[in-house]
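> sequence isn't available, so here's the structure alone:
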């Protein structure tokens, strides 16, 4: 008989639907309760996903339910208090990104969980998109050879006009930092997954839409300990023509010593070995849930590691490296100079 895990969820906003749907497909998991500051949202989610109980406060929910894990799907400023409260009660934690408004708050969250002896994972799902898992497999198999450069172009097209972000994630409008803090951090983590530790960044960031507070476009140059480089060319303001905009979020090219690789916005990967014809890379992926079902893969990983005792890929200590790179990007943009990364 397989071990069962009882979870509770705080937060019933836009992204919670993806996480709750993914939990519903993991047979070892029962989501016993949910809480949100807006009770109507919590009750709607409970009805949709057959969650038996809705609580008035997340503290009461943790005290009464005594779950195995706590899934935190709330804005970053709430995370430190919630993580500390759960850790003190011996509850394992999976917490949405951005982990915290500042690196220091993130460090306290991680250190507090470690001191309490609870398992802690950041819900960093982009690296679990199936195309990145396949590219990592190709890298590890030696098919590409040494990677020398990665280029990613992102255009989300949801940040123009007076109503920018209002229909899906209106709080984006008030973030003093937006592009890197909320979106770029995904790519920082994914680039680290593919290329290793970042040692230096150089960034140009800018706000195009005056109705928001944070930056919405930028270019970031990365230098890695391996000697590889990368460029992330990102813009939330302008649109692209793809009908599947939020599937891969953009287009990718990787140059390496044996080949180059490209990926389009429909997740088609093509490999061009030096001196040989280009070939399509066959791999499994589907346009379900969110971005290739990466939310399910992330949560499946969380449960598998709880069962086996293995370390999470996005454990707290590792994720602080991603946060350190993000902070260095902002320092570079402010100083208009390259910044070394220290973590």
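Perfect, thanks for sending it. Just so it is clear, the model here is predicted, and its values are computed rather than measured. Residues are numbered from 1 along each chain as shown.
> test my guess that residue 265 contacts residue 251.
Yes - in this structure, residue 265 is within contact of residue 251 by CB atoms under 8 Å, at 5.9 Å. From N, CA and C alone the C-beta is placed, and that goes for glycine too.
> comparing these two, which residue is more hemmed in?
Using other CB atoms under 10 Å as the criterion, residue 265 and residue 251 rank with residue 265 on top: 21 against 17.
> so what's the more buried one closest to, chain neighbours aside?
residue 242 (4.0 Å; CB to CB, 6 or more residues apart in numbering).
> so that neighbour, which of the three states?
When classified by DSSP: H, G, I helix; E, B strand; the rest coil, residue 242 comes out as coil.
> quick one: secondary structure of the nearest residue to residue 52 once chain neighbours are set aside?
Once flanking residues are discounted, residue 52 sits nearest to residue 32: 6.4 Å by CB to CB, 6+ apart. Here residue 32 is strand, with the state taken from three-state DSSP.
> quick check, residue 32 in contact with residue 64.
No - if you go by CB under 8 Å, residue 32 and residue 64 don't touch, sitting 9.7 Å apart.
> ok, those two, which is more surrounded?
Taking neighbours as other CB under 10 Å, residue 32 and residue 64 compare with residue 32 leading, 18 against 13.
> right, and residue 173 touches residue 166 too?
Yes - using CB under 8 Å, residue 173 is in contact with residue 166, at 7.4 Å.
> next one: the worst-scoring helix or strand of the chain on mean pLDDT to chain centre, how far?
Among the helical and strand segments of the chain, the one scoring lowest on mean pLDDT, DSSP states H and E is helix 245-248, with a mean of 86. Centre-to-centre, helix 245-248 and its host chain are 14 Å apart (CA atoms, centre = their mean, to the nearest Å).
> one more: stretch 198-215?
18 Å.
> residue 232: what's it in contact with?
152, 154, 184, 187, 191, 218-220, 222 (CB atoms under 8 Å, 6 or more residues apart in numbering).
> bridging residues for it?
residue 152, residue 220 (DSSP bridges).
> before we move on, what about residue 269?
In beta-bridge terms (that is, DSSP bridges), residue 269 pairs with residue 263.
> tell me the domain boundaries of the protein?
Domain assignment for the chain by automatic domain parsing gives 5-123, 127-285+322-340.
> any chance of these in CSV, with distance to residue 297 too?
Shown next, in CSV, are the domains of the chain (distance: least, CB to CB, whole Å):
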stretch, distance to residue 297
domain 5-123, 9
domain 127-285+322-340, 4
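> between those, which one is nearest to residue 316?
domain 5-123 (3.3 Å; CB to CB).
> average pLDDT for that closest one?
Mean per-residue pLDDT for domain 5-123: 97.
> mind checking the end-to-end distance for that domain?
Domain 5-123 has an end-to-end distance of 17 Å (CA to CA, to the nearest Å).
> ok now that domain, how far from the chain's centre?
Worked out by CA atoms, centre = their mean, domain 5-123 lies 16 Å from the chain centre.
> ok, stretch 335-342 next?
With CA atoms, centre = their mean, you get 23 Å for stretch 335-342.
> in that stretch, what's buried?
Within stretch 335-342, the residues that count as buried by 16 or more other CB atoms under 10 Å are 339, 341.
> residue 99 in helix, strand or coil?
coil.
> now do the contacts for the closest residue to it other than its chain neighbours.
Distance criterion CB to CB, 6+ apart; nearest residue to residue 99, sequence neighbours excluded, is residue 106 at 4.6 Å. Shown in contact with residue 106 (CB under 8 Å, 6+ apart): 99-100, 319-320, 323.
> and residue 119, its phi and psi?
Here is the backbone geometry of residue 119 (degrees, to the nearest 10): phi -80, psi 140.
> that one reaches residue 90, doesn't it?
No - the criterion here is CB under 8 Å, and residue 119 misses it with residue 90 at 10.3 Å.
> doesn't residue 119 make contact with residue 312?
Yes - Residue 312 is in contact with residue 119 according to CB under 8 Å; the separation is 7.2 Å.
> give the residues shared as contacts by the two.
With CB under 8 Å, 6+ apart as the test, residue 312 and residue 119 both reach residue 305.
> for the contacts of residue 106, which one is nearest residue 337?
residue 323 (20.6 Å).
> what secondary structure does the closest one sit in?
Applying three-state DSSP: residue 323 is helix.
> repeat for residue 37
coil.
> ranges for the helices of the protein?
16-24, 39-49, 58-65, 79-88, 103-116, 130-140, 185-195, 245-248, 294-308, 316-335 (DSSP state H).
> show me the contact partners of the longest one.
Around helix 316-335, the neighbours that count as contacts under CB under 8 Å, 6+ apart are 99-100, 103, 106-107, 109-110, 113-114, 120-122, 124, 177, 180-181, 184-185, 188-189, 192, 197-198, 201-205, 215, 218, 220, 222, 338-343.
> the third one too?
Taking CB under 8 Å, 6+ apart as the criterion, the residues outside helix 58-65 that touch it are 6, 8, 10, 32-35, 53, 55, 70, 82, 85-86, 89, 91.
> recalculate using a threshold of 10 Å.
For helix 58-65, contacts defined as CB atoms under 10 Å, 6 or more residues apart in numbering pick out 6-11, 32-37, 42, 53-55, 57, 67, 70, 72, 74, 78, 81-82, 85-86, 88-89, 91.
> contact partners for the residue nearest the centre of the chain?
Note on the chain: the residue nearest the mean C-alpha position is residue 124, at 3.2 Å, using CA atoms, centre = their mean. For residue 124, the contact set (CB under 10 Å, 6+ apart) comprises 95-97, 99, 185-186, 188-190, 193, 294, 298, 312-314, 318-319, 322.
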